[in-house]
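>>> need a 3D model of the sequence below.
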Amino acid sequence: MKPKFKTVLTALLLAVSLPSMAATHVLMETDMGNIRLVLDESKAPKTVANFVRYARKGFYDDTVFHRVIDGFVIQGGGFTEDLVQKATDKAVANESGNGLKNTAGTIAMARTADPDSATSQFFINLADNASLDYKNGQYGYTVFGRVESGMDTVSKIARVKTATRGFYQNVPVQPVKIRRVVVGQLSLIPLSAPP
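Here you go, the predicted structure:
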């Protein structure tokens, strides 16, 4: 094969395969700063599709981080500022056996005791939380991505003062609002400070 033809063929094959290799990038704008996430659709395809569907329909806009435990997790994606739980879609199948671990800076789905009960709520791990991982056939909490930038914002959120409000513990005294969640290619998402 001629070198010029080989180069053109290689470039063409690379160009065709790049879109399928692209990761899903997310910008989460909070009133304490921005968090940029990269989601792993190859290891958690159903979970990523679920999160993206909620984000694209604006479900996460104006929700709050309603559970904050410094040294453990910050959790959000299901409640308004008044702690009213939003109606969700059907639960997604648990994908915690995907090899991804609940290490510091990863994002995972929150759920009840039922392994297949995750809907919209998610959490960002503040530490390596091996107790939340899949092991020996026991379902864990599905990790589906990681914080790419904005761990300083995550750390600020982790340090807010919390209290008990009604039935809920570890609720920020001053609500930490998720203003909006934008899904797209990394180059198309600006990383700007909140107004």
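
>>> what strand or helix carries the nearest residue to Asp128 once chain neighbours are set aside?
In this structure, Asp128 finds its nearest non-sequential neighbour in Thr103, 4.8 Å apart by C-beta to C-beta, 6 or more residues apart in numbering. (Each C-beta comes from the backbone N, C-alpha and C, glycine too.) Assigning secondary structure by DSSP states H and E places Thr103 outside every helix and strand.

>>> which residues touch Thr103?
For Thr103, the residues meeting the contact criterion (C-beta atoms under 8 Å, 6 or more residues apart in numbering) are Asn125, Asp128, Asn129.

>>> just the helices in the chain please.
Assignment of helices within the chain using DSSP state H yields the ranges 3-21, 45-56, 151-158.

>>> where among the ones you listed is average confidence lowest?
Lowest mean pLDDT of the helices of the chain: helix 3-21, a mean of 47.

>>> hmm, Leu39 is touching Val143, no?
No - using C-beta atoms under 8 Å as the test, Leu39 is too far from Val143 to be in contact (10.2 Å).

>>> who touches both of the two?
A shared contact of Leu39 and Val143, defined by C-beta under 8 Å, 6+ apart, is any residue touching both; here these are Ile107.

>>> so what's the residue nearest the centre of the chain closest to, chain neighbours aside?
Ranked by distance to the mean C-alpha position of the chain (C-alpha atoms, centre = their mean), the top residue is Ile107 at 4.3 Å. Nearest-residue entry for Ile107: Gly145, 4.8 Å, with adjacent residues in sequence omitted and distances by C-beta to C-beta, 6+ apart.

>>> who's in contact with that neighbour?
Residues Thr24, Val26, Leu37, Val38, Leu39, Asp40, Ala44, Val48, Thr106, Ile107 are the ones in contact with Gly145 under the rule C-beta under 8 Å, 6+ apart.

>>> just for the chain, where's the confidence low?
For the chain, applying pLDDT under 70 flags the ranges 1-22, 185-195.

>>> just the strands in it please.
24-30, 33-39, 63-69, 73-76, 106-109, 122-125, 143-149, 162-165, 168-172, 177-184 (DSSP state E).

>>> Asp116 is nearest to which of these?
strand 106-109 (10.5 Å; C-beta to C-beta).

>>> please name every helix or strand in contact with that closest one.
Using 3 or more C-beta pairs under 8 Å, 6 or more residues apart in numbering; DSSP states H and E, the elements in contact with strand 106-109 are helix 45-56, strand 122-125, strand 143-149.

>>> so of those, which one's packed in deepest?
The highest mean neighbour count among the helices and strands packed on strand 106-109, using mean count of other C-beta atoms under 10 Å, belongs to strand 122-125: a mean of 25.
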